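In: Just the structure for this:
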Amino acid sequence: MFETLTDEEYMDLADFFKVFADSTRLKILYLLQEGECPVNEIASRLNMGQSAISQQLKTLKTSRLVRARKDGRSVYYRLCDEHIKRILETGKEHNDELYV
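Out: Numbering: from 1, shown residues only. Down below sits the predicted model:
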């Protein structure tokens, strides 16, 4: 059944999905499926600079896809909740089906 949303709800949902439209952010999200990770390790594993990773993490945090925890001088990031993990899994399943 078709669910009617308000215009504001449609706009919020569209903004939510726009965040997934960047390959670097997707790489970060997939990496964080493994668990909490500090910024420097994310940068190292993705072979990118810390400032570029931090910029993308800021967008992911603002969009409430990741959470941050500070421990001394290090900031650790993790997925916000299981919904994000399921969205990533569903997206990958759909993409895999396109190439069967």
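In: Just list whatever residues bridge to the closest residue to Leu60 other than its chain neighbours.
Out: Leaving aside its sequence neighbours, Leu60 sits nearest to Val66 (C-beta to C-beta, 6 or more residues apart in numbering; 4.4 Å). The C-beta positions use only the backbone N, C-alpha and C, and glycine is treated the same way. Val66 forms beta bridges with Leu79, as assigned by DSSP bridges.
In: how much space between Val66 and Glu82?
Out: Using C-beta to C-beta, to the nearest Å, Val66 is found at 13 Å from Glu82.
In: where along the protein do the helices fall?
Out: 7-18, 23-32, 39-45, 50-62, 82-98 (DSSP state H).
In: want to throw the ones you listed into TSV with distance to Val75 and mean pLDDT?
Out: TSV is the format used below for these (distance: least, C-beta to C-beta, whole Å; pLDDT from 0 to 100):
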stretch	distance to Val75	mean pLDDT
helix 7-18	23	94
helix 23-32	13	97
helix 39-45	5	96
helix 50-62	8	96
helix 82-98	18	93
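In: Nearest to Arg73, out of those?
Out: When the helices of the chain are compared by C-beta to C-beta, helix 39-45 sits nearest Arg73, at 10.0 Å.
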